[in-house]
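Peer 1: Just need the structure, nothing else, for what follows:
(2 chains)
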There are 2 protein chains.
Amino acid sequence: MATEKTRPGGRTERTRLAVLQATLDELAERGYAALTVEAVAERAGIHKTTLYRRWRNAEGLVAEALLLGTEQDWKAPDTGTLEGDLASLTRELVHWFTNPAVSALPTASVSAGFQSEQAADALRVFYADRHERCVDIVARAVDRGEAPDGTDPVDVVRAACAPIFYRLFVSREPVTDAIADAVARSTAIAVKAGAY
Amino acid sequence: MATEKTRPGGRTERTRLAVLQATLDELAERGYAALTVEAVAERAGIHKTTLYRRWRNAEGLVAEALLLGTEQDWKAPDTGTLEGDLASLTRELVHWFTNPAVSALPTASVSAGFQSEQAADALRVFYADRHERCVDIVARAVDRGEAPDGTDPVDVVRAACAPIFYRLFVSREPVTDAIADAVARSTAIAVKAGAY
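Peer 2: Numbering: from 1, shown residues only, chains lettered A, B, ... in the order given. From the prediction side, this is the model:
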């Protein structure tokens, strides 16, 4: 049974992925506050008692679904320059959070962190994983002489991404590729000057 | 009647402030999703028909209440150095968003922006007002030779504040005075290097 539970492609794993994907779809469509175990069960075509047994409630479903991103094979950009890598990161944020075709889920995920401690914990794990995958950007920049030795790679990633999120969700200002590029350029200059 | 409506200290103005303060108290205690016109009316001791007539619904109440901050006489810090001014800003954010005695309302305000277009608009106006009040920080830094001529003052403010909000509401990482100081120091170095 333990093998069945974790074997990729196994029936239990297929059920798990169907449920978590249905959770993400419900989250994108309705938001955290309106998400119910019943709606996720119906969308996934799986009896709700199975969901209650394994995830207990909507909060448990959302928390595990938000961690699906850590199972993806996302890789940090490698464009040949620090500024290029950071612009690739910031432009990716602009895409995911402003393109109406894809922005509902990432936006609802950040919003869920305000409404659920477990969702906030999942966001913490997800972003820590993304930060970790980005450290090579700064290691390569140090090798190329674009960053001083001892530069904190995660601080650099935070500095590049934070102004995009600030505009999106705090000051509620427009976010465009041009702004993504400007933030990347500013951050690259700051890194070179030893700010991090 | 027009005079009565706007005269500071007048009955209509006192009613308005009582209603908006009750709205902020409800927002802090219950959050945007659970806020009702009835509860605000009861808390303010004013008949709900008055509220419906003037603000239409909970969204209208929250939007106007979030703008109360633009009527406060908040002034940007003036410590004598750019790094000191930025550290004062970032520490102020740490205080308002992490001290349990005061953090419920500012946190609920940012969260409301996810749930209401009108709240998001109000946040935009509020933060634009705060940005505007901070431009002198950079003007003084230019005068002291801490920032190149032509530095964009609002970009500097965004760069200093954004990493605090990023940790609070996106990556859900700890935020402390030490982190506020480190972000201010990094931003001051970046400004000096001409990053903005």
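Peer 1: ok, A:Val19 to A:Ala122 distance?
Peer 2: Applying C-beta to C-beta, to the nearest Å, the value for A:Val19 to A:Ala122 is 15 Å. C-beta coordinates here come from the backbone N, C-alpha and C atoms, glycine included.
Peer 1: repeat for A:Pro106
Peer 2: For A:Pro106, the distance to A:Ala122 - C-beta to C-beta - is 13 Å.
Peer 1: Comparing those two, which shows the higher neighbour count?
Peer 2: The neighbour comparison of A:Pro106 against A:Ala122 (other C-beta atoms under 10 Å in any protein chain shown) goes to A:Ala122, with 24 against 18.
Peer 1: which residues touch the nearest residue to the more buried one once chain neighbours are set aside?
Peer 2: Spatial nearest neighbour of A:Ala122, chain neighbours left out: A:Leu66 (3.8 Å); criterion: C-beta to C-beta, 6 or more residues apart in numbering or on different chains. Taking C-beta atoms under 8 Å, 6 or more residues apart in numbering or on different chains, we find A:Leu66 in contact with A:Ser109, A:Ala112, A:Ala119, A:Ala122, A:Leu123, A:Phe126.
Peer 1: Which residue ranges make up each domain of chain A?
Peer 2: Chain A breaks down into these domains under automatic domain parsing: A:10-69, A:74-192.
Peer 1: Quick check, pLDDT for A:Thr12.
Peer 2: pLDDT, A:Thr12: 88.
Peer 1: Could you give the separation of the helix or strand that contains it from the chain centroid?
Peer 2: A:Thr12 is part of helix A:11-30, with elements assigned from DSSP states H and E. In this view, helix A:11-30 has its centroid 17 Å away from the chain centroid, taken as C-alpha atoms, centre = their mean, to the nearest Å.
Peer 1: Next secondary structure after it?
Peer 2: helix A:37-44.
Peer 1: Who are the packing partners of that following helix?
Peer 2: For helix A:37-44, the packing partners by 3 or more C-beta pairs under 8 Å, 6 or more residues apart in numbering or on different chains; DSSP states H and E come out as helix A:11-30, helix A:48-55, helix A:58-66.
Peer 1: For stretch A:165-175, list every residue counted as buried.
Peer 2: Under the neighbour-count criterion of 16 or more other C-beta atoms under 10 Å in any protein chain shown, stretch A:165-175 has A:Phe165, A:Tyr166, A:Arg167, A:Leu168, A:Phe169, A:Val170, A:Ser171, A:Arg172, A:Glu173, A:Val175 buried.
Peer 1: The third one is in contact with A:Thr176, isn't it?
Peer 2: Same thing as A:Arg167. No - applying C-beta atoms under 8 Å, one finds A:Arg167 not in contact with A:Thr176, separated by 9.7 Å.
Peer 1: contacting residues for the closest residue to A:Thr23 other than its chain neighbours?
Peer 2: Leaving aside its chain neighbours, A:Thr23 sits nearest to A:Ala65 (4.0 Å; criterion: C-beta to C-beta, 6+ apart). Shown in contact with A:Ala65 (C-beta under 8 Å, 6+ apart): A:Leu20, A:Gln21, A:Thr23, A:Leu24, A:Leu27.
Peer 1: Show me which of those are buried.
Peer 2: Buried among the contacts of A:Ala65 by 16+ other C-beta under 10 Å: A:Leu20, A:Thr23, A:Leu24, A:Leu27.
Peer 1: of those residues, closest to chain B?
Peer 2: Top of the list for closeness to chain B, among these and by C-beta to the nearest C-beta, is A:Leu27 at 12.5 Å.
Peer 1: What about A:Leu35, how many residues nearby?
Peer 2: There are 23 residues near A:Leu35, going by other C-beta under 10 Å.
Peer 1: again but with A:Ala184, I slipped
Peer 2: By other C-beta under 10 Å, 24 other residues sit near A:Ala184.
Peer 1: ok, now the one 3 residues further on?
Peer 2: Burial of A:Thr187 is recorded as 29 neighbouring residues (other C-beta under 10 Å).
Peer 1: ok, and the closest non-adjacent residue to it?
Peer 2: A:Ala160 (4.5 Å).
Peer 1: next one: A:Thr79
Peer 2: Closest residue to A:Thr79 in three dimensions, ignoring its sequence neighbours and counting by C-beta to C-beta, 6+ apart: A:Asp85, at 5.3 Å.
Peer 1: picking that back up, deepest of the helices and strands packed on helix A:37-44, which one?
Peer 2: Of these, the one with the most neighbours on average (mean count of other C-beta atoms under 10 Å in any protein chain shown) is helix A:58-66, at a mean of 23.
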